[in-house]
Structures are given as structure tokens and as C-alpha cells.
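Could you look at this predicted model? Sequence included:
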Amino acid sequence: MYYPYLRGRQFELITIRDLAIERALEKITPIIEPVKKSFNSLNLANSVFFENDFSPFLIMNPLVGEVVGDTEHFLKYIEELDNSIYRPAFHYSDNSEYILRCIEEYKLEKCMVIGLDDFTKENDLIELCSNDSISHIMLLEPHRYRSLDRRIKDLNKVYIRLDDLFERQQKNADYLEIPAHKFSEEHLYYKDDRYQGFADFTILPKEYLEGGSVPRAVVINLTYINKDMNDQIWIRHFTSDTNDSISNVQGKFAEATKKAVGFCENLPLKNSGTEELKKYYEESKYPGLGTVKKITIKNHLLIVKDYLDKKS
């Protein structure tokens, strides 16, 4: 099972909504870290998820965004939301008391606990995860915690390894010089390593970035299964060429898209994400950078889905 870690920005929520409607998430369970205080986008997503019988995890104590820390903002939200289909997840940062209190007060079940890199009390984490209300445990780069990793595996819970895979560059133009390269092979070995799931931040970095200036270069990051390399997931960065100013973003998008579409046709790489990209190219339309990110995330989730489907 694949557990992509997403932030609750509009383009990421639209991606998951689209795939829920496509019924393409049978082997994918996203974890959503909400970054807005408002619930509007989450409400719209919940309606789509409910209609399609799909239950992602929603983090109750985000580390980034407009509401951070151990609050009850999102706990109250899912409690009061009609037809709520979100499952609760918690960041563990030596805050067992908060998590256990929330579980008890809100009568929560089948929760996820996520350990990133901001905790020190490993014994407390094991004790917390032994609770019957905790069904899923996610740990960032568990090879850094060998003793903890072994102890979690002995708990007989759904244990997911999370990896920060995307190598972000200072400037988009820097991707021009980067050839295709390996992105991940966790989908090949996670079961052999006694994990029940694997996770990443899709084709985005772990670091949370909101907004940004108009780019000098447009880059389209596409992952694909490299059959010549034993089905590893590889990534290519299709980058515009005229990057000396911030003008003509539409033209830069056309340059990058021409490269990406040509690659997809030759490989071939065909899914609803790449077909949407091809449509914009053929119609000479620029949909905005948010939509470009949506397309690339969708493609990544779909290539993982297709691999898992073939192996099931």
C-alpha cells in the first residue's frame, strides 16, 4: 500500500479528488496535512471522498500552515463535519499526553501516528503506539532509528516507511543540467523489509513552501517506471530553455511541455495526468503552475498505482 504525504493546498486536494472520482485510489491512502485555517477546500474534498467511499488520513496537529501545533482546531472540525470520512493522524513530537487525551475525549479509533524528525522520547512513542486506537505508524527514514524500527515492527501494526526523495534545486533553471535519475525503489522492497506500506512527499520536497515569485524557468517533473532498471521509479525534469527573464511564462511552459509530451509518447507514459498535459500543449494553453504541479503529482500516484496493480 502506498501512502503519499500531501499538504492541503488546493492543487493537491484537487489531485486526490480527481483520482477518487476516477476510482484510482484502491491501493493508495493519502495523508493530508492541512495548511489553511478555513475548511472550505477540505469540505469540498470530503464530499467527493464520501461519494466515492474513500477515506484519507487528515493530520490533526499540523507542523506547517496557518494552524500549527497541538490544538483541537481540526479535531473539532472532523467531529462536527457531516458525513466526515477523514481518519485522524497525529504528528508525534514527544507529545503522547496530547495524543492520548485527544483519542479519549473525541473517542477516536484507527488513528495514525507520524514520526518525522522532531522527537527524542522513543520509549514514549512505543508505548503510545501500543494503544489499541493506533492502527498505523509512519516513520521518516527509519534506517536512522534502527532500534526503534525493530520495536515498531514487533507491534503488529500497519507500519509505513516515509522517505524524502525529491532533490530540490535553488532555481528551476538548474534542472536543465540534471539527467534522468533514480527516484525511488521502495515499492520494490518494502514488504521484504517488513513494512506494510511505503510513503513519500510525491514529487515535492519535504520542506513546505507557500507561494513564490514568477519563475524564470518552468520545469515539469515526471516520474516513470524504468523497466530497464528492474522497475525502479525514475524521474526526468523537463525544463524550458529561454530562462533569462520572468517574461513569457506561457512560452516557457510550451517549451517544457513539448519535451515532456515527446518523452511520454516515446516511452510510452499514458495516464489522466499526462493526457491532461498533452491537451494543454495541443491547445497552446498555459493552465498555471498550480495545475502543472497537480498534473505531475497525479502522474506520480498513477504510475505507483499501475505498478501495484500489476503485482497484486
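Cool, the structure landed.

can we go C-alpha only for contacts and neighbour counts from here?
OK.

List the contacts of Asp117.
For Asp117, the contact set (C-alpha atoms under 8 Å, 6 or more residues apart in numbering) comprises Leu140.

Which of the three states applies to the nearest residue to Lys182 once chain neighbours are set aside?
Distances taken as C-alpha to C-alpha, 6 or more residues apart in numbering place Trp234 nearest to Lys182, at 4.3 Å, with adjacent residues excluded. Secondary structure, DSSP: H, G, I helix; E, B strand; the rest coil: Trp234 is strand.

and Trp234, what does it touch?
Counting by C-alpha under 8 Å, 6+ apart, Trp234 has contacts 180-184, 223-226.

Next: Glu275.
Applying C-alpha under 8 Å, 6+ apart to Glu275 gives no contacts.

what is the mean pLDDT for the helix or strand harbouring it?
Glu275 is part of helix 272-282, with elements assigned from DSSP states H and E. Helix 272-282 shows a mean pLDDT of 96.

And that helix, what's buried?
273-275, 277-278, 281 (16 or more other C-alpha atoms under 10 Å).

show me where pLDDT drops low in the stretch 101-250 of the chain?
Scanning the stretch 101-250 of the chain for pLDDT under 70 picks out 211-213.

now the residue nearest to Pro205 when sequence neighbours are not counted, what's its secondary structure?
Among residues not flanking Pro205 along the chain, Phe166 sits closest, at 5.2 Å (C-alpha to C-alpha, 6+ apart). Using three-state DSSP, the structure places Phe166 in coil.

Phe166 contacts Asn221, doesn't it?
No. Phe166 is not in contact with Asn221 according to C-alpha atoms under 8 Å; the separation is 9.9 Å.

what about these two, which has more around it?
Each of Phe166 and Asn221 has its neighbours counted (other C-alpha atoms under 10 Å); Asn221 has more, 23 against 17.

My reading is that that one lies in a strand. Confirm?
Yes. Counting by three-state DSSP, Asn221 is located in a strand.

and it, what does it touch?
Going by C-alpha under 8 Å, 6+ apart, Asn221 touches 203, 235-238, 296.

switch to 6 Å and redo it
236-237 (C-alpha atoms under 6 Å, 6 or more residues apart in numbering).

Could you measure from it over to Ile295?
Going from Asn221 to Ile295 by C-alpha to C-alpha, to the nearest Å gives 9 Å.

Can you give me the end-to-end span of stretch 205-219?
Stretch 205-219 end-to-end distance (C-alpha to C-alpha) = 15 Å.

residues of that stretch that come out buried?
206, 215-219.

In this protein, what residue spans correspond to helices?
Along the chain, counting by DSSP state H, helices occupy 10-21, 40-51, 73-80, 96-105, 122-129, 146-153, 186-189, 249-266, 272-282, 289-311.

can you pull the buried residues of the fourth one?
Under the neighbour-count criterion of 16+ other C-alpha under 10 Å, helix 96-105 has 96, 99-100, 102-103 buried.

now do the third one
Neighbour-count burial for helix 73-80, with 16+ other C-alpha under 10 Å as criterion, is recorded at 74-75, 78.
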